[in-house]
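Chemist: show me the folded form of this:
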Amino acid sequence: MQEKHIRIENAKQSHNRRVALDVAATGNRVFPVRVRRMSDGKKHARPLIQWGTGATTDPDEIHALWDKYPDAVPGMATGNIFVVDLDDRDGKDGLSAYKGMNLDPDDALFVVRTPSGGLHLYFRGVDDLTISQSDIAPGIDTRGHGGFVFAPGARTVFGEYKIERGDLWDLDELLLGKLPERIRTALIRKNEVSEEDQSEPGEYAAAELMRPLSFIPSDLPYGKWVDILMAIHHATGGSEAGLASAQTWSSDYPGYNPKEVRDKWRSFVKRSGSKITADTLFAEARKHGWHSVAAANFEDVDDPEDDFSDLLGPEPLPTKVGGLTFQTPGQLRDLPPRHYVIKNFIAPHQIGCIFGEPGAGKSVLAPYLAYMVATGAGFFGLKTRQGGAFYVAAEDETGMASRVAALADELGAPDQFKLVLGCSDLFSGQVEGKGSPDFQALLEAITLSRPRLVVIDTLAMAMPGLEENTPEGMGCVVAIGKALARHGAAVIFVHHGTKADGNTPRGSSVFNGALDVSILVKKADPKSGIIKNHLKKNRNGPTDLDIAFRIGTRNVGVDIDGDTVSAPICEPCSAEPDNEYKLKNPPRAVLNHLRTLFETDGSPVTEDTWRKECVADDQVSKAKADGRRRAFRRARDELLELGLVVFEDGLYRPVGKVEGAFDECD
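Modeler: This next block holds a predicted model:
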């Protein structure tokens, strides 16, 4: 009997890992949850990581998480997906209530049956419906931005979340079923009515608190966490909008439970003379650097000690005494998997530098790097985590605009890439602690948009008046970089090399010492035209990565005389021109199918169309249909990692310059 129980547990563990990988393959972030049956028979679910930031679609990270937590159940973050939960327990009949609103559950094209007999109706995410919103009617809950549901197919001690309608692999298309307007209207009306019923309107709108809240870590000690909740409640008069802000801020807390936040919120009473007020929130935010950025929006107090040097302080960590952090080996062993912006190259909160002599190609490589992050394509064979990329063109805005236009013609036009113009001074006033207007504006944009990458091109032009050869001057550059990276972006400066040997960035060694990664770009070989880049420093991986490219040109328009305007573009290539990369099956066959589809229609291709072509071809795999689907997914991931395929706006296309390279593949 015990052996049978072990076999059942092992099967469940393997099943949930596979579900996590399959759901992540649809582009939806997953994370591990521990589910237990309590003594009273009720369910207790606890996320095992800070899922607001740790939920992932990366297969390697998922394997690492399930190696660590083999009995975990996969949770799926909502936001891109909006879920209507129709309960069937505790005397509630959500399905009848839904139909009572003259709504048809069959309008949802993807439906999951929960272990208790309820239904999860899946719809496309809605921007203005955030976190977990509930009680539209008895038995009807919803999950939007900041919430999560158990992934379709997940198995718990209570049973399986079975897919009742639709196919997981067609999920993106099935989400075209539109969220009923009556649900959206009911949620909005509920919030409006709740706010109108407040006897004591709050001093602040909930939106005003989001910036200072974004500086406060959500893994505070429990008592401090309650104080911040109480401060939000007092500041907003206990409004539903205030509760939504509290839920959003708390969603990164280990073991986050929306019901616990809601119950705490409802237990608070707004009293005059309370010791816990908005000032409590602002004071905590100032401890983590907020005052130097935005406190002027709320207070008139000028703190002479709150200067720019505060931005050099350490990031907040869970266990602190004063300014020091203490962690045991066990705590370090249990740290969650590390995140990256470009795997084995640069991570969130880190600072990098692309440097070299003038004309070497620094400002050709740098926009290409930012573009790969914005599109999620591979950067010289390294994985990227797709996200926003801000490219600050402090030097030659017109020329950089042409280079971006060339990239757009070649690789598509992702909305995630933003060329930042008009930024001419990130430095003036920083030493005195006043802060430059350009710096404040850029930091505010980063705070609101949370890009994965920020590139400053060039350091010298972005910081006029900087004394590069002094520790104080370059220390201020480091502080600026750390401030811009505070919310999780990686920051890369484009800079010049030293005049002596050019092997380190120009200026005081303080800057080079603070870098997490640096690339030396040397001028092209006169015979091959190949630019071989040298990683002089890499805290995330090896320094012998093959990062080589040629500078091509593309026509991007005409001038006022009708003459053609061209722009340089990065064309990745092998560092050894005589040794072309040989792609083997099944990736070669999968790529060839995509090329054929792309060339036939002249437009990007859906994954469903691409997959069907590959599953029908025994060159992809000699296995049966299921085996070919798995071979397709593995080949697709490899092609994305190599940068041979670009995925954007839900569509795939081959990278333009590689087609001819595979005519004679082994």
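Chemist: got the contact list for R653?
Modeler: G412, L594, F598, P604, V605, V645, V646 (Cβ atoms under 8 Å, 6 or more residues apart in numbering). Heads up, the C-betas are built off the backbone N, CA and C, glycines and all.
Chemist: spatially nearest residue to Q619, not counting backbone neighbours?
Modeler: A589 (4.2 Å; Cβ to Cβ, 6 or more residues apart in numbering).
Chemist: so how far is F511 from the one you found?
Modeler: Per Cβ to Cβ, to the nearest Å, A589 is found 48 Å from F511.
Chemist: now V35
Modeler: Counting by Cβ to Cβ - V35 and F511 are separated by 49 Å.
Chemist: who has more neighbours, the two?
Modeler: Remark: of V35 and F511, F511 carries more neighbours, 26 against 18, as counted by other Cβ atoms under 10 Å.
Chemist: surely that one is in a helix?
Modeler: Yes. Counting by DSSP: H, G, I helix; E, B strand; the rest coil, F511 is part of a helix.
Chemist: so where do the helices sit in the stretch 201-350 of the chain?
Modeler: Applying DSSP state H, counting those that start in this stretch to the stretch 201-350 of the chain gives helices spanning 206-215, 222-236, 240-250, 258-267, 278-287, 291-294, 329-333.
Chemist: do the stretch 51-200 of the chain as well
Modeler: Using DSSP H, counting those that start in this stretch, helices in the stretch 51-200 of the chain cover 51-54, 59-68, 94-100, 171-174, 181-196.
Chemist: gap between stretch 530-538 and the chain center?
Modeler: 27 Å (Cα atoms, centre = their mean, to the nearest Å).
Chemist: name the residues of that stretch that come out as buried.
Modeler: I530, I531, K532, N533, L535, K536, K537, N538 (16 or more other Cβ atoms under 10 Å).
Chemist: which pair of the residues you listed spans the longest distance?
Modeler: Longest distance between any two of the buried residues of stretch 530-538 is 22.3 Å, between I530 and K537; criterion Cβ to Cβ.
Chemist: before we move on, back to that, out of the contacts of R653, which is most surrounded?
Modeler: V645 (27 neighbours).
Chemist: what about the residue nearest to Q619, distance to A635?
Modeler: For A589, the distance to A635 - Cβ to Cβ - is 8 Å.
Chemist: between those two, what contacts are shared?
Modeler: C614, V620.
Chemist: rewinding a little: make TSV from the buried residues of stretch 530-538 and add pLDDT to it.
Modeler: Listed next are these as TSV, based on pLDDT from 0 to 100:
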residue	pLDDT
I530	85
I531	89
K532	85
N533	86
L535	90
K536	90
K537	92
N538	93
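Chemist: how many other residues sit next to P464?
Modeler: Residues lying near P464 (other Cβ under 10 Å) number 12.
Chemist: now it. Nearest residue, chain neighbours left out?
Modeler: Residue nearest to P464 in three dimensions, not counting chain neighbours: D425, with 5.9 Å by Cβ to Cβ, 6+ apart.
Chemist: how far away is that neighbour from L466?
Modeler: In terms of Cβ to Cβ, D425 sits 10 Å off from L466.
Chemist: so these two - more neighbours on which side?
Modeler: It is L466, of D425 and L466, that has more neighbours when counted by other Cβ under 10 Å, with 22 against 17.
Chemist: helix/strand/coil for that one?
Modeler: Taking three-state DSSP as the rule, one finds L466 in the coil state.
Chemist: wait, what's in contact with it?
Modeler: F427, L459, A460, G473, C476, V477.
Chemist: quick check: phi and psi at the residue nearest to P464.
Modeler: Recorded main-chain torsions at D425 are phi -160, psi 100, according to degrees, to the nearest 10.
Chemist: helix or strand: which one has S402?
Modeler: helix 397-411 (DSSP states H and E).
Chemist: and the strands in the stretch 251-400 of the chain?
Modeler: 320-321, 324-325, 351-356, 389-393 (DSSP state E, counting those that start in this stretch).
Chemist: quick check: phi and psi on R506?
Modeler: Given degrees, to the nearest 10, the pair of backbone angles that R506 has is phi -70, psi 140.
Chemist: sorry, wrong one. I was asking about I530.
Modeler: Dihedral angles for I530 - degrees, to the nearest 10 - are phi -90, psi 130.
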